[in-house]
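Visitor: only geometry, no sequence info:
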């Protein structure tokens, strides 16, 4: 991995929090992701399942974590199963984790090779009543491919039909949404790398540059700072492309006078950042662009102050909608009749701002978190309002990542990334 090793005490804490919520005499199993094929002998780059990473720090394919806090013997309470390395694998792929290296990363003392998994699981199941399976229950999930985790669940149900089933995901949704200090440092590091990329392109962007050239500048800066690259597929949307919320073609020329909406950010050590800025191709905003930009910025700033412990996402979004409605009235995009006669299920402001304002962020860009439960300190949220005006040929979105505090307004992890009109113009024309 490119990133510096994470202190294993983070993963020890995470496991302790998880096992404290397990039922008596229960086993929990977590699998690595597969390496997914493309065609012939080519594959997609490996990306570790975030749950096994959160609990162990192990960032290698064909790994299994087993937790059994009520096991009869100490060495059975936490077990890692790894793909056994060999001289041949070392030559073709590079060495895999040794048992000692896995302990250094995870703090787990009992490590077996993967071929021993079924035999050891059989023994442990004779001591247990319940198994925790790890299904994906994220509110945005849409999975068509059968995952390694899903195959394990299918196999386990056939092998041990008499055991009770429990779900890991509800526990992880709550644990992962509240960050430890070490996690906040990793997310901050990802944000700092993102800042370097953004400052780089402020010097680079000129009329007639291609969107993909901007993408190339960003990936250069991210990788040279120990990131694997983009935390998510980058959006580099010039002109009217910005009105396509998930525009990812990035293949158009950036024309003088247009704006570029950049929804691009780096990952670091599997932790995400999530930035959006909207900059002028020619280095100066027009008066109309500036008016819309500052309206979005005011909404973002007011929304940020509402992210405090106890806030409910649904009510928060409704309040942001009221602020946005006021700004759209000021811009002449809505009139009072639009607001008075609006459909409560689809308020008038949604014509120009149709997506949510905030989502949890962490190991996943759209991270775990239960939106029906109150916000808590040390949750990380994006704040990303936008105004999209196809008839005027531009859209503006601004986004920062913030940490909810025990008291007061959130801490902005992106406070050093330029956002004010004057600073962006100054940097682009220096």
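Guide: Right, received. Where do you want to start? Please read all numbers here as calculations on a predicted model, not as lab measurements.
Visitor: need the helices for the stretch 1-150 of the chain, in chain order.
Guide: All helices of the stretch 1-150 of the chain, identified by DSSP state H, counting those that start in this stretch, fall at 9-19, 50-56, 87-92, 99-106, 117-125, 148-159.
Visitor: worst average pLDDT in these?
Guide: Between the helices of the stretch 1-150 of the chain, the lowest average pLDDT goes to helix 87-92, which shows a mean of 80.
Visitor: residue contacts, residue 183?
Guide: 10, 271, 362 (CB atoms under 8 Å, 6 or more residues apart in numbering). All C-beta atoms are positioned from the backbone trio N, CA, C, and that covers glycine.
Visitor: still on that earlier bit, got JSON lines for the helices of the stretch 1-150 of the chain, with distance to residue 257 and mean neighbour count too?
Guide: Below are the helices of the stretch 1-150 of the chain laid out as JSON lines (distance: least, CB to CB, whole Å; neighbours: other CB atoms under 10 Å):
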{"stretch": "helix 9-19", "distance to residue 257": "48", "mean neighbour count": "18"}
{"stretch": "helix 50-56", "distance to residue 257": "42", "mean neighbour count": "24"}
{"stretch": "helix 87-92", "distance to residue 257": "53", "mean neighbour count": "10"}
{"stretch": "helix 99-106", "distance to residue 257": "51", "mean neighbour count": "17"}
{"stretch": "helix 117-125", "distance to residue 257": "61", "mean neighbour count": "14"}
{"stretch": "helix 148-159", "distance to residue 257": "50", "mean neighbour count": "15"}
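Visitor: Nearest to residue 292, out of the ones you listed?
Guide: Among the helices of the stretch 1-150 of the chain, the nearest to residue 292 by CB to CB is helix 50-56 (36.3 Å).
Visitor: contacts for the closest one?
Guide: Here helix 50-56 has contacts from 11, 14-15, 18, 30-32, 58-59, 63-65, 67, 80, 105-106, 108, 134, 168, 172, 175-176, 270, 363-364, using CB under 8 Å, 6+ apart.
Visitor: Kindly recompute the last result at 6 Å.
Guide: 11, 14-15, 30, 32, 65, 106, 134, 172, 176, 270, 363-364 (CB atoms under 6 Å, 6 or more residues apart in numbering).
Visitor: swap in stretch 218-227?
Guide: 2-3, 193, 196-197, 200, 229, 264, 266-268.
Visitor: ok, now with 8 Å
Guide: 2-4, 190, 193-194, 196-197, 200-201, 229-230, 234, 264, 266-268.
Visitor: now the end-to-end length of it.
Guide: Between the opening and closing residues of stretch 218-227 lies a distance of 11 Å (CA to CA, to the nearest Å).
Visitor: Enumerate the positions of it that are buried.
Guide: Residues of stretch 218-227 classed as buried by neighbour count (16 or more other CB atoms under 10 Å): 218-219, 221-222, 225, 227.
Visitor: Shouldn't residue 324 be within a helix?
Guide: Yes: when classified by DSSP: H, G, I helix; E, B strand; the rest coil, residue 324 is found to be part of a helix.
Visitor: Where is the longest helix in this structure?
Guide: Counting by DSSP state H, the longest helix found in the chain is helix 181-204.
Visitor: any idea of the angle that helix forms with helix 9-19?
Guide: Going by axes from the mean of the first three to the mean of the last three CA atoms, to 10 degrees, helix 181-204 is angled at 120 degrees with respect to helix 9-19.
Visitor: now, among the buried residues of stretch 218-227, which is nearest to residue 43?
Guide: residue 219 (20.0 Å).
Visitor: Can you report how many residues lie near residue 396?
Guide: Residue crowding around residue 396 was assessed by other CB atoms under 10 Å; the count is 23.
Visitor: Could you check how far it is from residue 403?
Guide: 25 Å (CB to CB, to the nearest Å).
Visitor: same check, this time on residue 146
Guide: On the measure of CB to CB, residue 146 and residue 403 end up 36 Å apart.
Visitor: What of residue 306?
Guide: Distance from residue 306 to residue 403, by CB to CB: 14 Å.
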